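J.: need a 3D model of the sequence below.
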Amino acid sequence: MFMGTHEPKLDAKGRVILPAKFRDQLADGLVVTRGQDRCLYIFTKAEFENIYDQLSKAPITSKNARDFLRVLMAGASDELLDKQGRLTIPQTLRRYAQLERDVVVTGVGARLEVWDAQRWDEYLSVTEDVFSDAVEEIIPGLF
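T.: Take a look at the predicted model:
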């Protein structure tokens with residue numbers, strides 16, 4: 001499981017060093033793709049295949065399912081970490097997520113997310129209030 005928040009730097013070649021505690025899970029390769037909210041999603045290959053299997057069961061007649069699958073798969077890139085634990089993020093994905101030098105890598109259970117640091121701060125400032133003010137159960141019986 002991926003969790004925590006880390007603030008590495010994106011170098012001039014579009015590489016980011018992923019935290020050491022995540023590297024073993026990603027050693028066999030990973031898939032980086034467009035995420036929602038203008039971030040990037042990073043999945044292990046096995047998790048990405050699982051997600052694809054689930055999405056491919058949606059009816060082809062569903063425009064929302066077709067659109068979601070197209071955007072997710074068109075942005076997907078198989079990658080390997082180098083010996084220093086760096087991930088090279090393709091230019092198209094850096095442009096999509098508006099990544100500059102300062103980035104934030106967050107663990108979100110089955111995936112990592114990569115955010116531009118300023119966009120993450122903006123997102124978090126709004127979302128933390130929603131989180132704090134939640135009065136109904138998100139998952140019944142959990143809280």
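
J.: local confidence estimate at the residue most central in space within the chain?
T.: Central residue of the chain (Cα atoms, centre = their mean): residue 41, 1.9 Å from the mean position. Looking at residue 41, its pLDDT is 98.

J.: show me the shaky parts of the chain.
T.: Applying pLDDT under 70 to the chain flags the ranges 133-143.

J.: tell me where it has helices.
T.: 20-26, 45-55, 63-74, 91-96, 117-133 (DSSP state H).

J.: show me what the longest one is packed up against.
T.: What that stands for is helix 117-133. Applying 3 or more Cβ pairs under 8 Å, 6 or more residues apart in numbering; DSSP states H and E, one finds that helix 117-133 contacts strand 103-109. (Each C-beta comes from the backbone N, C-alpha and C, glycine too.)

J.: put the alpha carbons of the strand it packs on into CSV.
T.: What follows is strand 103-109 as a C-alpha-only set of coordinates in CSV (Å, rounded to 0.1, in the frame of the first residue of the first chain):
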residue,chain,number,x,y,z
VAL,A,103,6.3,18.3,-7.2
VAL,A,104,4.5,16.4,-4.6
VAL,A,105,4.2,12.6,-4.6
THR,A,106,1.4,11.2,-2.5
GLY,A,107,0.5,7.6,-1.7
VAL,A,108,-3.1,6.9,-2.2
GLY,A,109,-3.4,3.2,-1.4
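
J.: so what strands line up beside that strand?
T.: Strand 103-109 pairs in its sheet with strand 2-6 (antiparallel), strand 111-116 (antiparallel), by DSSP bridges.

J.: can you add distance to residue 77 and mean neighbour count and give these back as TSV?
T.: Formatted as TSV, those follow (distance: least, Cβ to Cβ, whole Å; neighbours: other Cβ atoms under 10 Å):
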stretch	distance to residue 77	mean neighbour count
strand 2-6	18	15
strand 111-116	13	24
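
J.: TSV for the ones you listed, including distance to residue 20?
T.: Putting these into TSV (distance: least, Cβ to Cβ, whole Å) gives the following:
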stretch	distance to residue 20
strand 2-6	10
strand 111-116	13
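
J.: who wins for proximity to residue 2 among the helices of the chain?
T.: helix 20-26 (6.1 Å; Cβ to Cβ).
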